[in-house]
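# sequence below, structure please.
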Amino acid sequence: MFDKFRSATTADIWYFSLLLAQALLVWLLPYFPTQDGPSHLYNAAILHDLLNGGKEWGEYFTYQLKATPNLGFNLIVYPLLFLVKPLIAEKIFLTIYILLTGLSVRYFIRTFAPGKQMTVQLLAIPVIFNFTLMMGFYSYSIAVPVFIAAVALVWRNRNSGAIFQFALCNISGVIIFYLHLIPFIFFLIVLGVIAVTLLFAGKVLVSPPPFLGKGRGGDGVDSVISAPAGSVCWVTFIRRIATLLPLLILPASYLGNSKSSGAPTGFSYLFSADRFMSLFSDLCTFSTVSLSPLQIIPAAAAMFATLLLIRSLVKDCRADRVTFDAGQKMLIILAAILTVIYFAAPFRFGDGSFFNDRFPWVILLIILPLLACVNDKAVPFISFGLIVVASLSVALNIFVFRQQSDEVSVLLSGIESGCKKGDGILLYRTSLPDWPKVEVLLHATSYYGMSNGCIDLGNYETGYAGLFPVQYKQNIGPLPEEREFAYGYGNINFSRYPVVTRLIGWDLKHDDLNKIGGLFDRVFLNDKLTIWSRR
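So this is what the prediction gives:
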């Protein structure tokens, strides 16, 4: 019954169909629901305007271009803004991310599990729309598939000439560094693990350069030659470690010139049982439960399928049906290191938060080649189950994303009357729902700025000059704290903040309406949305 689902062709058809379905979802939604995405898009539009005369925002913003390790989004979107509007540029970026992730994962599995069953690639489908993407961490998200592809490329060329390896590792490292710092750190760890793995493998694996195609025997398989002396391995090891040295200059230079808020203090929370359970839960769901509790369903199904594969893999190893080669051992070590860092690291890394949440989906992608080694004939329903899991994830995300996109659409329903050029606008909420975990409305007011040329006073990026290029041109006046106006904790006296000329109110209660009415006139009302103009 399940035989037809085990074929490589069937796996590929489902895999690419679901990838395209995810890309199509991006284009069908009026607004793709992320937390920080609108802010990134807004600032990219501002930067584009400033670098081309500043007719729209030149009076209010300035810029400072720096080669920071957080450029992944701008490097792709900025050129697109010469051709298309910001919303279309974001959709193109997300399409590139989805397809690049799908292709890099496939390349990764074929590199580290050649000739094995490819159905496990379907486990990548549920994690493409992961927590970090939905938070709008676009630069990090686009850097991960580049990192995955670079690891595969470096491994395929591990026995090329020293100069070629040096160039490949360093060029790949530089590209990843400027896309985002954290995947660059992953890449440094990989290069070190590869060196150690090949040292203790005790063999020299001889492969022809990639441009020669198949292996010397025409079968594409590495020749294996026993090392004549231990010194050979150590020389190779030292050479591989030396490859890392130029790459270390990049983070050292960045951190040396950075005006970061400094190292975190107060590490007692790292030993909290609640923190451990929260991290364990996120790891088990691969950080995919972000917009709705309903997403627990496909996340649990994906975890169940993964555990079945791991169980089968362990049984195959004990029965000597599966033995790991050097590359697969390297992946085991790498996954173990990232898992330890995930549990041990603090919540904040430099100027970036949610450090731990960036790991789970990457760890899953790294172990996919190991799961591909499972003997699918012994567990014939695995392929069928993976197809069901991936399809369920896409179907449920269509439902959940549409709900969240509709919320954003309501917030933006007053975009024609919300503000005009030069207005200072502010999202104001005095209560928050229990869900979602990702706040898709938090920076959605940036769409008002993009459409009308007004100033989104909740533009958090202007306070991070070391990470983002756009800042306010001058002191725009006092502003309430973000926790007051954005996260529902405030009872703000707006007479102290004259820069706020328009309020974008969301789900305000009767008492809030009366307080605002003393300074503002209501100019728009739709469902939970009220827009107010200062008298």
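# so where do the strands sit in the stretch 351-500 of the chain?
Using DSSP state E, counting those that start in this stretch, the strands of the stretch 351-500 of the chain run over 424-428, 455-456, 470-472.
# in stretch 459-475, what's buried?
459, 461-462, 464, 466-471, 473 (16 or more other CB atoms under 10 Å). The C-beta positions use only the backbone N, C-alpha and C, and glycine is treated the same way.
# which stretches of the protein have low pLDDT?
1-8, 202-232, 259-266, 350, 376-380, 488-490 (pLDDT under 70).
# domain assignment for the protein?
With domains defined by automatic domain parsing, the chain comprises 3-31+71-259+269-401, 412-534.
# residue 51 is nearest to which of those domains?
Nearest to residue 51, of all the domains of the chain, is domain 3-31+71-259+269-401, at 8.4 Å by CB to CB.
# still on that earlier bit, adding distance to residue 511, write the strands of the stretch 351-500 of the chain out as CSV.
Listed next are the strands of the stretch 351-500 of the chain as CSV, based on distance: least, CB to CB, whole Å:
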stretch, distance to residue 511
strand 424-428, 13
strand 455-456, 26
strand 470-472, 32
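# just those: most buried one?
Most buried of those by mean neighbour count (mean count of other CB atoms under 10 Å) is strand 455-456; its value is a mean of 27.
# which elements pack onto it?
When contacts are defined as 3 or more CB pairs under 8 Å, 6 or more residues apart in numbering; DSSP states H and E, strand 455-456 packs onto strand 424-428, helix 446-452.
# about what we covered before: can I get the buried residues of stretch 459-475 in a markdown table including distance to residue 49?
Putting those into a markdown table (distance: CB to CB, whole Å) gives the following:
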| residue | distance to residue 49 |
| --- | --- |
| 459 | 14 |
| 461 | 15 |
| 462 | 15 |
| 464 | 20 |
| 466 | 22 |
| 467 | 20 |
| 468 | 15 |
| 469 | 12 |
| 470 | 10 |
| 471 | 14 |
| 473 | 13 |
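# residue contacts, the residue nearest the centre of the chain?
Centroid-nearest residue in the chain, with CA atoms, centre = their mean: residue 141, separated by 2.5 Å. By CB atoms under 8 Å, 6 or more residues apart in numbering, residue 141 lies in contact with 72, 97, 130, 132-133.
# in three-state terms, label it for me.
Judged by DSSP: H, G, I helix; E, B strand; the rest coil, the three-state class of residue 141 is helix.
# who's the closest spatial neighbour of it, skipping the chain neighbours?
Nearest non-adjacent residue to residue 141, counting by CB to CB, 6 or more residues apart in numbering: residue 133, 4.6 Å away.
# got the CA coordinates for the strand or helix carrying that neighbour in PDB?
According to DSSP states H and E, residue 133 maps onto helix 131-134. Extracted C-alpha coordinates of helix 131-134, given in PDB (Å, rounded to 0.1, in the frame of the first residue of the first chain):
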ATOM      1  CA  PHE A 131       9.400  31.500  14.700                       C
ATOM      2  CA  THR A 132      12.400  33.500  13.500                       C
ATOM      3  CA  LEU A 133      10.900  34.200  10.100                       C
ATOM      4  CA  MET A 134       7.500  35.100  11.600                       C
END
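# ok, and what's touching that helix?
Outside helix 131-134, the residues touching it (CB under 8 Å, 6+ apart) are 33-35, 97, 140-141, 282, 287-291, 354, 357-358, 361, 437-438.
# now swap in stretch 176-192 and tell me
Applying CB under 8 Å, 6+ apart, the contact partners of stretch 176-192 are 67-72, 75, 139-140, 142-144, 146-147, 150-151, 154, 169, 172-173, 240-241, 243-244, 247-248, 250-251, 254, 330, 334, 337-338, 349-350, 352, 355, 358, 362.
# what residues sit buried inside that stretch?
176-188, 190-192.
# next one: stretch 154-170
154-160, 165-166, 168-170.
# what's the farthest-apart pair in the residues you listed?
Checking those with CB to CB, the most distant pair is 159 and 170, at 17.6 Å.
# hmm, back to that, between the buried residues of stretch 176-192, which sits nearest residue 406?
The closest of these, once distances to residue 406 are taken by CB to CB, is residue 180, at 30.8 Å.
# quick check: closest non-adjacent residue to the closest one.
Using CB to CB, 6+ apart and skipping the chain neighbours, the partner closest in space to residue 180 is residue 143 (3.8 Å).
# can you pull the contacts of residue 62?
50, 470-473.
# likewise for residue 344?
Contact analysis of residue 344 by CB under 8 Å, 6+ apart lists residue 270.
# residue 124 is in contact with residue 103, isn't it?
No: applying CB atoms under 8 Å as the test, residue 124 and residue 103 come out as separate, 10.4 Å apart.
# who has more neighbours, the two?
More neighbours surround residue 124 than the other of residue 124 and residue 103, with 25 against 15 (other CB atoms under 10 Å).
# you'd agree the more buried one is in a helix?
Yes: checked against three-state DSSP, residue 124 lies within a helix.
# excluding chain neighbours, what is closest to it?
Residue 124 sits nearest to residue 105 (CB to CB, 6+ apart), 4.4 Å away.
# list the buried residues for the helix or strand hosting the one you found?
Element membership for residue 105, per DSSP H and E: helix 86-112. Buried positions in helix 86-112, judged by neighbour count with 16+ other CB under 10 Å: 86-87, 89-102, 104-112.
# packing partners for that helix?
Using 3+ CB pairs under 8 Å, 6+ apart, helix 86-112 sits against helix 8-28, helix 37-50, helix 72-80, helix 124-128, helix 138-156, helix 326-344, helix 360-371.
# from those helices, which stretch is densest packed?
Using mean count of other CB under 10 Å, helix 124-128 ranks as the most buried of the helices and strands packed on helix 86-112, with a mean of 27.
# need the longest helix for this protein.
Ranked by residue count, the top helix of the chain under DSSP state H comes out as helix 381-411.
# ok, residue 239 to residue 518 distance?
73 Å (CB to CB, to the nearest Å).
# of those two, who's got more company?
residue 239 (13 against 9).
# quick check, the more buried one in contact with residue 162.
Yes: counting by CB under 8 Å, residue 162 is a contact partner of residue 239 at 5.8 Å.
# please list all residues in contact with residue 303.
So residue 303 contacts 284-286 (CB under 8 Å, 6+ apart).
# and which of those is nearest residue 530?
residue 285 (36.1 Å).
# secondary structure element for the nearest residue to residue 436 once chain neighbours are set aside?
Excluding the flanking residues, the one nearest residue 436 by CB to CB, 6+ apart is residue 291, at 4.4 Å. Here residue 291 sits in a region with no helix or strand, counting by DSSP H and E.
# between the two ends of stretch 132-143, how far is it?
Terminal residues of stretch 132-143 lie 12 Å apart, using CA to CA, to the nearest Å.
# what's the answer for stretch 446-461, then?
Start-to-end span of stretch 446-461 (CA to CA) is 12 Å.
# so what's the gap between stretch 482-499 and the chain middle?
Remark: stretch 482-499 is offset 31 Å from the chain centroid, using CA atoms, centre = their mean, to the nearest Å.
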